[in-house]
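1. model this:
(4 chains)
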Number of protein chains: 4
Amino acid sequence: MSDPALPVPASGVYIGAVHHFPIRVYYEDTDLSGIVYHANYLRFMERARSDMLRVIDIDQRGAIESGEGVYAVAEVNIRYLRPARLEDELLVRSSVTALKNASCTIHQEIWRGEELLIRADVTAAFITLDGRPKRQPAAWMDAFRRILAG
Amino acid sequence: MSDPALPVPASGVYIGAVHHFPIRVYYEDTDLSGIVYHANYLRFMERARSDMLRVIDIDQRGAIESGEGVYAVAEVNIRYLRPARLEDELLVRSSVTALKNASCTIHQEIWRGEELLIRADVTAAFITLDGRPKRQPAAWMDAFRRILAG
Amino acid sequence: MSDPALPVPASGVYIGAVHHFPIRVYYEDTDLSGIVYHANYLRFMERARSDMLRVIDIDQRGAIESGEGVYAVAEVNIRYLRPARLEDELLVRSSVTALKNASCTIHQEIWRGEELLIRADVTAAFITLDGRPKRQPAAWMDAFRRILAG
Amino acid sequence: MSDPALPVPASGVYIGAVHHFPIRVYYEDTDLSGIVYHANYLRFMERARSDMLRVIDIDQRGAIESGEGVYAVAEVNIRYLRPARLEDELLVRSSVTALKNASCTIHQEIWRGEELLIRADVTAAFITLDGRPKRQPAAWMDAFRRILAG
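-> Down below sits the predicted model:
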């Protein structure tokens, strides 16, 4: 995929300590009430969290394949303020609000231009592949701390 | 589908004021970490809430098609305690904890036998099809009150 | 879950060589055009195929966890004849039409009462967990042959 | 979203008559066998088809909201050649292979670099919102013909 004429998947960027990730709404995301199905915003937020790791070179797939461990969502508190609709362009803004040895908490908001649609706090725990809590890899902690320092 | 030899979709039951709804976990529900993807428990809980209405003869599809209105999820607070896996049989237990003119709050738990996997509180607002808050239909409120009375 | 008062997930049945599996349509299955999103019928058909195995005591999850192997879909040819809608009760009828050492082909139809909505042929290959073709377990082949014999 | 520092969602491009659309694979797309769940490639291909329309200024959402009509998938024939995995970057290549008054057929392939993963033909029919076949809008037909002419 090195041909410069070919398009590439969306990628987020950190602006200071806040990660910004773009989403477009497709048919699959909506339901018959005409708006995005409520559970799908959690998918959007997970894409953004995966991108938060990817752009600082944390290799989630490698960590699973080597047996190192994986993040599992432990808690979500989400408020739905306004609905998103087909073809909307959204921006997920994410920032780490708490960093512990075996978990981290991320505040996430979904915006459409100047309108705030979704506000959520998500806690993810790092676990072994058979489900026990585990310290996050030291290199990952360091990467998070550099982000938090802005 | 009146042939008695043919199987029918799962249906929930109220035991007192608590609605019980069964779910089996399929491939589509899991992700590569081997467990159910976190957003999919919200789908399980929505199936249970739809069934809470269906078994007391509230016609959600009719309310949408006639333009009366629709429920929209306004808030979810969810704790993931233990993961579910492929082919698990789960039971979603749901009970109304607050009933207002234009919204209701439901406590939902997902169990696998004696193990509690998920605990959540979900608030749904009744809205017009163009998104404004609206009183829930009086007959629906009455039906909820009868359930709450046990 | 041994309490007889508690509801259980839907289960399919074989009538002769044809497996019958019931589905109810939920919000998550629809899109803003008001009908079931086209990719979701593939999920319905996969639930039915998993149930075809489950009811004859083939343990897919055990086969994955022990490293034995897994089915991977190799080909789907599907015709969408009529749409399904929210709260429809559907019946997936499935029958094995070809059984080879490392794959099988299944004809699947989705009905709503007397109306045929979907007609499809699905070929699934048995593979190792790293993706190479593999003979289906002998006990599974025997079970399929007993079904085919009616 | 006019701030040039903010990232935007992925957009496809036509190279000659072939539309190219990029996808990244997320957790939600995979299942416990470690690869993308088979039905999700249909979601990827639908995103690409929606983008085929969007980049030539066809307004699907407007056509639904004004009651003009909507595309419904009528037939899919898909071959799964190689699996995609978490974090893969994919490219969906789509080209119109038949254009009739009320339907069109699109050949779609999904590539990962030099590897062909998926090959499919999809026929979509244009229908009224209550489900009857309808001629595609003349301006849309003209836009397709310009694409087909290269």
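
2. residue contacts, residue A:107?
-> Counting by Cβ atoms under 8 Å, 6 or more residues apart in numbering or on different chains, residue A:107 makes contact with A:94, A:95, A:97, A:119, A:120, A:121. From N, CA and C alone the C-beta is placed, and that goes for glycine too.

3. The lengthiest helix in chain A near chain C at all?
-> The helix that spans the most residues within chain A, counting by DSSP state H, is helix A:40-54. No - Helix A:40-54 is not in contact with chain C by Cβ under 8 Å from any Cβ of the partner chain; minimum separation 8.8 Å.

4. by contact count, what packs against that helix?
-> strand A:18-24, helix A:60-65, strand A:70-80, strand A:89-99, strand A:103-112, strand A:115-127 (3 or more Cβ pairs under 8 Å, 6 or more residues apart in numbering or on different chains; DSSP states H and E).

5. Name the residues that touch the first one?
-> For strand A:18-24, the external contacting residues (Cβ under 8 Å, 6+ apart) are A:10, A:12-14, A:44, A:47-48, A:51-52, A:55, A:87-95, A:110, D:6-10.

6. Kindly recompute the last result at 6 Å.
-> Residues from elsewhere that reach strand A:18-24 (Cβ atoms under 6 Å, 6 or more residues apart in numbering or on different chains): A:10, A:12-13, A:44, A:48, A:51-52, A:89-95, D:6-9.

7. which of the residues you listed are buried?
-> A:10, A:12, A:44, A:48, A:51-52, A:89-95, D:6-7, D:9 (16 or more other Cβ atoms under 10 Å in any protein chain shown).

8. Next, count neighbours for residue A:114.
-> Taking other Cβ atoms under 10 Å in any protein chain shown as the criterion, the count of residues near residue A:114 is 6.

9. Next, work out how far apart the residue most central in space within chain A and chain C are.
-> For chain A, the residue sitting closest to the mean C-alpha position, by Cα atoms, centre = their mean, is residue A:49 at 1.9 Å. Per Cβ to the nearest Cβ, to the nearest Å, residue A:49 is found 22 Å from chain C.

10. Ok, residue A:10 next?
-> 21 Å.

11. right, and that residue touches residue D:10 too?
-> Yes - between residue A:10 and residue D:10 there is a contact under Cβ atoms under 6 Å: 4.4 Å.

12. give me the low-pLDDT residue ranges for chain A?
-> Scanning chain A for pLDDT under 70 picks out the ranges A:1-2.

13. If you tally nearby residues, what's the number for the nearest residue to residue A:45 once chain neighbours are set aside?
-> Residue nearest to residue A:45 in three dimensions, not counting chain neighbours: residue A:108, with 4.8 Å by Cβ to Cβ, 6 or more residues apart in numbering or on different chains. Residue A:108 is flanked by 26 other residues according to other Cβ under 10 Å.

14. what bridges to residue A:108?
-> Residue A:108 forms beta bridges with residue A:94, residue A:120, as assigned by DSSP bridges.

15. Give me the contact list for the longest helix of chain A.
-> Residues contacting helix A:40-54 (Cβ under 6 Å, 6+ apart): A:12, A:19, A:21, A:23, A:29, A:60, A:92, A:94, A:108, A:118, B:39, D:26-28.

16. and if you look at stretch A:57-72?
-> So stretch A:57-72 is in contact with A:53, A:124, A:125, A:126, A:127, A:128, A:129, A:134, A:140, B:33, D:86, D:87, going by Cβ under 6 Å, 6+ apart.

17. and which of these is nearest to residue D:145?
-> Relative to residue D:145, the closest of the contacts of stretch A:57-72 is residue D:87; by Cβ to Cβ it sits at 38.4 Å.

18. Residue D:112 versus the closest one, what's the distance?
-> Computed as Cβ to Cβ, to the nearest Å, the residue D:87 to residue D:112 distance reads 11 Å.

19. just residue A:142 next, same as before
-> 31 Å.

20. Neighbour count: these two, which is higher?
-> Taking other Cβ under 10 Å, residue A:142 and residue D:112 do not tie; residue D:112 has more neighbours (19 against 10).

21. That one reaches residue D:88, doesn't it?
-> Yes - the pair residue D:112 / residue D:88 is scored as a contact, 5.4 Å apart, by Cβ under 6 Å.

22. Near chain D, which residues of chain A are found?
-> Residues of chain A found near chain D (Cβ under 6 Å from any Cβ of the partner chain) are A:1, A:6-10, A:12-13, A:20, A:22, A:24, A:26-28, A:43, A:46-47, A:50, A:61, A:86-87, A:89, A:113.

23. The residue nearest to residue A:121 when sequence neighbours are not counted pairs with what?
-> Spatial nearest neighbour of residue A:121, chain neighbours left out: residue A:77 (5.0 Å); criterion: Cβ to Cβ, 6+ apart. Assessed by DSSP bridges, residue A:77 has beta-bridge partners residue A:121, residue B:77.

24. so residue A:77 makes contact with residue B:78?
-> No - using Cβ under 6 Å, residue A:77 is not in contact with residue B:78, being 7.8 Å away.

25. out of these two, which sits in the more crowded spot?
-> Applying other Cβ under 10 Å to residue A:77 and residue B:78 shows that residue B:78 carries more neighbours, namely 22 against 15.
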